[in-house]
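> coordinates only, sequence not included:
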């Protein structure tokens with residue numbers, strides 16, 4: 001992860017050291033072991049309705065988030081997991 005990381009039950013906050021920006025992923029846990037990146041999402045949890053009200057969010061990275069480095073390059077993740085409302 002980039003910078004300092006504080007992990008909650010299923011919400012991960014990362015403080016980007018270069019920008020000072022707090023980056024948030026809701027209901028997503030990321031684990032990296034060697035070259036394998038694993039995502040864990042609790043499908044029983046929801047994050048509320050989408051802005052349009054057409055879907056119910058289960059998990060989101062809230063935009064693209066840097067999750068690790070591999071081969072000297074940043075690896076980013078952008079994910080929205082949802083059901084139709």
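All right, it came through fine. Note that the structure is a prediction, hence the values are computed from the model and not measured. Residues are numbered from 1 along each chain as shown.

> for the residue nearest to residue 57 when sequence neighbours are not counted, grab the count of nearby residues.
Closest residue to residue 57 apart from its sequence neighbours, by C-beta to C-beta, 6 or more residues apart in numbering: residue 47 at 4.0 Å. Just so you know, the C-beta spots here come from the backbone N, C-alpha and C atoms, and that holds for glycine as well. Neighbours of residue 47 under the rule other C-beta atoms under 10 Å: 18.

> my read: residue 47 touches residue 55, true?
No: between residue 47 and residue 55 there is no contact under C-beta atoms under 8 Å: 10.6 Å.

> which parts of the protein are strands?
Using DSSP state E, the strands of the chain run over 4-7, 11-15, 22-26, 29-33, 36-40, 48-49, 55-60, 65-70, 73-77, 80-84.

> will you turn these into JSON lines that also has mean neighbour count and mean pLDDT?
Below are the strands of the chain laid out as JSON lines (neighbours: other C-beta atoms under 10 Å; pLDDT from 0 to 100):
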{"stretch": "strand 4-7", "mean neighbour count": "11", "mean pLDDT": "42"}
{"stretch": "strand 11-15", "mean neighbour count": "17", "mean pLDDT": "57"}
{"stretch": "strand 22-26", "mean neighbour count": "18", "mean pLDDT": "74"}
{"stretch": "strand 29-33", "mean neighbour count": "14", "mean pLDDT": "85"}
{"stretch": "strand 36-40", "mean neighbour count": "11", "mean pLDDT": "89"}
{"stretch": "strand 48-49", "mean neighbour count": "10", "mean pLDDT": "92"}
{"stretch": "strand 55-60", "mean neighbour count": "18", "mean pLDDT": "95"}
{"stretch": "strand 65-70", "mean neighbour count": "16", "mean pLDDT": "87"}
{"stretch": "strand 73-77", "mean neighbour count": "12", "mean pLDDT": "91"}
{"stretch": "strand 80-84", "mean neighbour count": "13", "mean pLDDT": "96"}
